[in-house]
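> one predicted model, sequence on top.
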Amino acid sequence: MSSVTSSVIVALALLVASPAAAQTPDDLFNPDVLQRVELWLNASDWAKLKAAFQENTYYPADVVWNGQTVRNVGIRSRGLGSRSATKPGLRVDFDRYSSGQQFLGLKSFVLDNLTQDFSGIKETVAMRFFTRLGIPAPRETHTRLFVNGQYVGLYALVESVDKTMMGRVFGSIGDNIQNDGYLFEYNYVLGSPWRFTYEGSPLAPYKARFDIKTNESHAESLIWGPIEELVRLVNDTPSGSFEQTIAPRIDLPAFVRYIAAQNFISQNDAFNGYDGMNNFYFYRLENSATHAFIAWDEDNAFLTPDFGITTRLDENVLTRKTLELGNFRSQYFGVLSEAASSAADWMRQEMQRQFDLIHQAMLDDTQKPYSNAEYAAERDRLLAFPAARITFVQCEVSKQTGASRPAGCE
Amino acid sequence: MKRHLLLAGFGLAGLAIGVPAEAQDKRGLVWDNRPSIVFGEDINIDLRGRVQLDWRRFDPDVAEDTFDLKTLRFSLRGELTRHFDWEIEREIDRAADDLDDAVEKWQLGEWKDVYLNWTTFDAFSVTGGRFKMPFGLEQTTSVSDLDFAYRTGGSLKIAPGRDKGVMAYGELLSGSLIYQAGVFDDDGDNGTLEEFRFPGEGRNIEDLEDVGPSVAVRVVGEIFRRLPVHNRLKGAEFGLAYTTADVPEGLNSLQGEEVWGYNFFDRVYVNGRRQRLGLQFDWSPGPTGFKAEWMQSREERIGQSNRNEDLSDFIGTAWYTSATWIVTGEDKDSDVTPDNPLFGGGIGVVEVGVRYDQLTFESAGKSGPDFANPRADHLTPNTDSTLTFGVNWLPIRWVKVVANGLRQTFDDVNRAPIIGTDRYWSGLLRLQIAF
């Protein structure tokens, strides 16, 4: 075979292979596409996973997406209140059985079973909205999930909050990807609501609430010591020196933006939640004392359009003491106004677009714990939310700030 | 721990005092190396016991206990006419929920040997009950007669160990060929199932609870005995053993557990036949001893892939070779006793030895990337290699002090006791009292 012929064959092969080779996490989490994810696992393992859905036991599986197969990944049941025996929420770890295995540069992703979201889009709309507002949030889209060839239902395909995502969100300084900090998943301790009150110098209470996800082998004093110090300083520092003391430890403007955005989307089970703090990741940046919040699990958003814009702001110590400072209080209401403006020409259209995308998959989903009629009712309620919420927030912000009241306020 | 020392001290004192009191009259309650009731010729009951106390050190520290009451066992063994002999042996354990308060929490533990032997004919005898399946030279050697404190990984995890069953055995060719062939209820204590048993369609939990029945055969022969070789070589024994059993579907394979209990290779899903093949060599010329074994297990994985397809066999392979030398000159045989005990003008028996062993688990299939996934066709292999140095001191017949140094190496550092660390040193000092 001549070298010219060989070159042509290689070039043709590359040309044919190029669509798969070019695929990236952006393609996987492309919100404009209803994905199709297939899991293949031994029939007895699938039965066991569903029977023991409250356990975190891993089972081996193959994943197929867009013509690509990843063999020997680990899957397990996941979630808190959303755990289900009939439609399990799943975590997919590519490196569970081979430490170097990744897919599209990802080590894992989450298949959110949407069992607590009758609309199927609260989580995905909320995360996209956060991203519009510059708040660190995982990329998400929807997928039909097939297990061993059988349609299991409509799921949200969620980017894992891990080192890979930290690198994406916080970028690089020179060649150094900023993903080697300390990442924590906040652990809601059942029956023990917590609102950032100081729990003493022993690290155990903080260890119980902040599950370390990176640098797990480091000394406990390195992992949780700065959190204990942060909570102590937040509680003990008077207003006069609060910003100067806390700002090096928490990105306060980003924190205010985060809680304002959560309030705008009427999220009742979040940082200033009804039962204390819940549903977020906390990241101490690499070689830094500064912590940042990362959004997580917003499927209880869009509760009601008239969700008070100052709801429980005085309960959480960090929230209360930050917003006692005039500059941050102004910023809080400013972000609410910004969110209203951003939502005005986007949120309802986005909701409608996502409903159009998932509609048939949702109707075909016989494993969901709600009926198609309940889905339709929730869809109608959600589509009415943006307009009502925007008006309510704008009116309430004007009340709080003394600005002129927009049209439509009562 | 003070109580254990006291226990050991009383044992030593009792045995030392017992030596001169050995009975010459072989009737009634006598001391014949151990307490014994002799009713008459060929009818007797021996009381036997053994205690092993271990002091251990680890480097790096893998959070193991530094002191361990390894063994506390009592047994009754006897003859019932010249046609039968029998044994009942049981472990005494500490309560699992209170290991720090050992003395007050004794409890009856696992049954060990419980069997009846019919021994009328040398060429054809039968054993029934619970006893060791005929596989593995080291596994079928009593724990108090081992050359080193612990058995090798293969003997602990591939060889089946004890089970309930019936076995025919005998000596042929003037004792130069020994055969054993038995049928057993399950597949030995080392081959039991662990998997949460999930009933599938058409099956129920009871169907999946038991492995086996199994069949085990072993032939051991002095194959040089009739050959024109040096006399010392004629006593060399060579053995071949085989077992087979059906294993139900589940996470039920044999597993790679090292000597201190760390699991360096988790169980994988199996379904089908489990077979073992073993070779053994034992040669004890004068005060020296040379032993070697090779054994392999193969377990089928029918329908166990992620897509319910058959996987390649799961294979465990182990081997060891050891050499010992009794410095004080006694003959090395299965019942080494001091020619000049400590209280008889000598120092007892002093023996030194070295052993190297490996235990590997892997898949037969090697194509494509390897995974630690229990359903992968190509499993990431892992090997535990251990070099053991040992000194044994038997000051008197019933007491043995064992000092062992172990150097372990794990091939896969991700499945080592400390992730990223492949080499470990450990040391052990054992006081053993057996009568």
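Looks like it arrived, so ask away.

> from here on, just use CA atoms for contacts and neighbour counts.
Will do.

> dihedrals phi and psi, A:S172?
phi -130, psi 150 (degrees, to the nearest 10).

> mind listing what it touches?
Counting by CA atoms under 8 Å, 6 or more residues apart in numbering or on different chains, A:S172 makes contact with A:Q178.

> let's see that with 10 Å instead.
A:178-179 (CA atoms under 10 Å, 6 or more residues apart in numbering or on different chains).

> quickly note the distance from it to chain B.
28 Å (CA to the nearest CA, to the nearest Å).

> pLDDT score for that residue?
You'll see A:S172 listed with a pLDDT of 79.

> likewise for the one 10 residues further on?
Per-residue pLDDT puts A:Y182 at 96.

> thinking it is in contact with A:K163, fair?
Yes. With contact defined as CA atoms under 10 Å, A:Y182 reaches A:K163; the gap is 9.4 Å.

> who has more neighbours out of those two?
Taking neighbours as other CA atoms under 10 Å in any protein chain shown, A:Y182 and A:K163 compare with A:Y182 leading, 23 against 20.

> quick one, phi psi at that one?
Taking degrees, to the nearest 10, you get phi -100, psi 120 for the backbone angles of A:Y182.

> residues touching the residue nearest to it when sequence neighbours are not counted, list them.
With sequence-adjacent residues excluded and distances taken as CA to CA, 6 or more residues apart in numbering or on different chains, A:Y182 is closest to A:R284, at 5.0 Å. Listed by CA under 10 Å, 6+ apart, the contact set of A:R284 reads A:179-184, A:223, A:226-227, A:249-250, A:290-293.

> ok, and the most crowded of these?
Per-residue neighbour counts (other CA under 10 Å) across the contacts of A:R284 peak at A:L183, which has 29 neighbours.

> ok, that one - contacts?
Neighbouring residues of A:L183 by CA under 10 Å, 6+ apart: A:161-163, A:166, A:210-216, A:223, A:281-286, A:291-294.

> same check on A:F29?
A:35, A:138-143, A:156-159.

> state the distance from A:E410 to chain B.
Separation of A:E410 from chain B (CA to the nearest CA): 61 Å.

> ignore what I typed, I meant A:T197.
Using CA to the nearest CA, A:T197 is found at 36 Å from chain B.

> and A:F210, by the same measure?
For A:F210, the distance to chain B - CA to the nearest CA - is 24 Å.

> for burial, what's the neighbour tally of the closest residue to that residue other than its chain neighbours?
Excluding its sequence neighbours, the residue lying closest to A:F210 (CA to CA, 6+ apart) is A:Y186, at 4.8 Å. Residues within reach of A:Y186, counting by other CA under 10 Å, total 21.

> before we move on, the earlier item: between A:Y182 and A:K163, what contacts are shared?
Taking CA under 10 Å, 6+ apart as the contact definition, A:Y182 and A:K163 share the neighbouring residues A:213-214.

> got a pLDDT number for the residue nearest to the spatial centre of chain A?
Centroid-nearest residue in chain A: A:W296, 2.8 Å away (criterion: CA atoms, centre = their mean). pLDDT recorded at A:W296 is 95.

> show me the contacts for it.
Counting by CA under 10 Å, 6+ apart, A:W296 makes contact with A:123, A:126-127, A:136-138, A:158, A:160-161, A:185-186, A:270, A:278-281.

> which one of these is nearest chain B?
Chain B lies nearest to A:S160 out of the contacts of A:W296, by CA to the nearest CA, at 21.4 Å.

> that closest one: what's its closest spatial neighbour, skipping adjacent residues?
With CA to CA, 6+ apart as the measure, A:F109 is the residue that lies nearest to A:S160, at 4.9 Å, once sequence neighbours are left out.

> tally of neighbours for the one you found?
Using other CA under 10 Å, A:F109 is surrounded by 20 other residues.

> what lines up beside the helix or strand where it lies in the sheet?
Using DSSP states H and E, the element containing A:F109 is strand A:108-112. Here strand A:108-112 has these sheet partners by DSSP bridges: strand A:90-93 (antiparallel), strand A:150-159 (antiparallel).
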